[in-house]
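Undergrad: Just the structure for this:
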Amino acid sequence: MSAFKEIESKPELTIILAAVDDYLTVFEAIRSIEIQSVAEKLELLIVIESLTSFSAPDDFQTRHPMARLLQAGRPLMLNEARAIGFELASADYGFILEDHCLPKQDCMEQIIHRIHQNKWSVIGPSIEHGNTHSIPGRATNLLTYGEWMGHSRAEERNFVSGYSSAWRCSSLRKLGNHLEKELAIPSRLQQRLKQAGEQIYFAAEATMLHWEASYWRPMIWILFSQGKGMGYIRRGSSSLGSKIIGSLLAPLIAASRTVRGLLAWWRTGAGSMQVALAIPGLALIWTAGELVGYWSSRGQEALQSVSNVERKRQPYIDAIREPIRCPIS
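TA: Alright, predicted model coming up:
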């Protein structure tokens with residue numbers, strides 16, 4: 001493991017950006033951190049496979065002086081890269097940053113404010129649509145992130161947004177070799193922490209914009225693949241009877257997700273009736289993928305599918321109508 005930059009003083013929050021693709025893929029994410037109102041209190045830790053695959057410009061350190069590059073020297077899934085980030089983070093909390101979910105300028109300031117309360121193991125932001133036009137993109141955002149959309153009240157929660165939240169590093173490091181797998185499905189990880197008596201906080205005043213695929217075909221593939229990985233991890237070492245019962249509950253799970261998405265649509269006023277009508281079908285696809293993963297014996301393939309659909313989202317985004325861009329107030 002090698003790095004470009006040494007830390008001069010302990011930061012208040014480490015931003016962990018898994019950059020398993022190239023520099024251009026994560027450029028807007030990097031910029032979104034550099035313009036934060038508390039940028040001087042942040043560590044930006046970018047975990048890459050190699051300098052060659054990352055294709056950084058020769059003047060990378062001049063362009064991005066606050067960034068710290070870590071080379072793994074091997075191919076990585078996103079959850080593996082994030083686990084490396086938490087192991088090497090200098091701050092007490094690490095924030096998982098995606099290339100398609102970007103913070104508004106005061107988002108990290110609000111997260112740090114909650115960190116100072118020294119009470120929460122996970123702190124998650126509110127989510128807004130990055131997609132401004134596409135029906136599948138806005139419908140999927142409501143389906144998967146609707147729980148954290150349209151709320152003004154900050155409060156303790158059972159779950160917050162998994163990939164775009166701050167996590168207490170010491171809590172995750174206790175998992176040892178299991179951390180990589182657990183980071184593939186952060187909702188399950190939050191459930192484990194909650195069962196262990198740790199507390200989770202929804203910071204409504206901290207806001208991020210999330211982009212989903214703009215087109216139907218990739219959106220269906222993304223949801224099915226995410227469900228597949230989720231199902232594999234959630235099944236654990238369940239008995240045959242437990243698997244059967246879990247499978248029989250699949251229609252209820254799909255219905256619950258549909259209701260949750262529709263409530264978010266109503267609460268946020270997030271689009272046309274076409275958006276609302278798309279939610280039930282997308283919920284079924286997500287749940288079908290989970291059902292397949294629940295019975296799958298190919299665990300590594302299921303985990304790889306989650307990483308594959310979360311990385312390099314730009315090709316599936318309408319670059320003209322709703323491009324991924326760093327939010328500037």
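Undergrad: And the helices in the protein, which stretches?
TA: For the chain, applying DSSP state H gives helices covering 23-34, 51-54, 60-63, 78-88, 107-115, 135-145, 169-173, 179-182, 186-195, 216-235, 240-248, 250-268, 273-295, 299-310.
Undergrad: Just the mean pLDDT for the third one, thanks.
TA: The predicted model assigns helix 60-63 a mean pLDDT of 95.
Undergrad: counting contacts, what elements does it pack onto?
TA: With contacts taken as 3 or more C-beta pairs under 8 Å, 6 or more residues apart in numbering; DSSP states H and E, helix 60-63 sits against strand 67-71. C-beta here means a position set from N, CA and C on the backbone, and glycine is covered the same way.
Undergrad: Show the average pLDDT along the strand it packs on.
TA: 96.
Undergrad: now do stretch 188-195
TA: Stretch 188-195 comes out with an average pLDDT of 92.
Undergrad: can you pull the buried residues of that stretch?
TA: By neighbour count on 16 or more other C-beta atoms under 10 Å, the buried set for stretch 188-195 is 188-190, 193-194.
Undergrad: coming back round to it: quick one: the helices of the chain as TSV, columns for distance to P323 too.
TA: Below are the helices of the chain laid out as TSV (distance: least, C-beta to C-beta, whole Å):
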stretch	distance to P323
helix 23-34	9
helix 51-54	22
helix 60-63	21
helix 78-88	22
helix 107-115	20
helix 135-145	12
helix 169-173	33
helix 179-182	32
helix 186-195	26
helix 216-235	16
helix 240-248	40
helix 250-268	22
helix 273-295	20
helix 299-310	18
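Undergrad: Select, out of those, the one closest to A203.
TA: helix 107-115 (5.2 Å; C-beta to C-beta).
Undergrad: re the thing from before, ok, of the buried residues of stretch 188-195, which one's closest to E290?
TA: Distances from E290 to the buried residues of stretch 188-195, taken by C-beta to C-beta, are shortest for R188, at 11.9 Å.
Undergrad: I'd like the distance from that closest one to D318, if you could.
TA: 32 Å (C-beta to C-beta, to the nearest Å).
Undergrad: follow-up on the earlier one: which of the helices of the chain sits closest to V122?
TA: Per C-beta to C-beta, nearest to V122 of the helices of the chain: helix 186-195, 5.9 Å.
Undergrad: could you dump that closest one to PDB, C-alpha only?
TA: Taking Å, rounded to 0.1, in the frame of the first residue of the first chain, the C-alpha atoms of helix 186-195 are listed here in PDB:
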ATOM      1  CA  PRO A 186     -24.500  -1.500   4.600                       C
ATOM      2  CA  SER A 187     -28.200  -1.800   5.700                       C
ATOM      3  CA  ARG A 188     -27.400  -5.200   7.200                       C
ATOM      4  CA  LEU A 189     -24.300  -3.700   8.900                       C
ATOM      5  CA  GLN A 190     -26.400  -1.000  10.400                       C
ATOM      6  CA  GLN A 191     -28.700  -3.600  11.700                       C
ATOM      7  CA  ARG A 192     -25.800  -5.400  13.400                       C
ATOM      8  CA  LEU A 193     -24.600  -2.200  15.000                       C
ATOM      9  CA  LYS A 194     -28.100  -1.400  16.200                       C
ATOM     10  CA  GLN A 195     -28.500  -4.800  17.800                       C
END
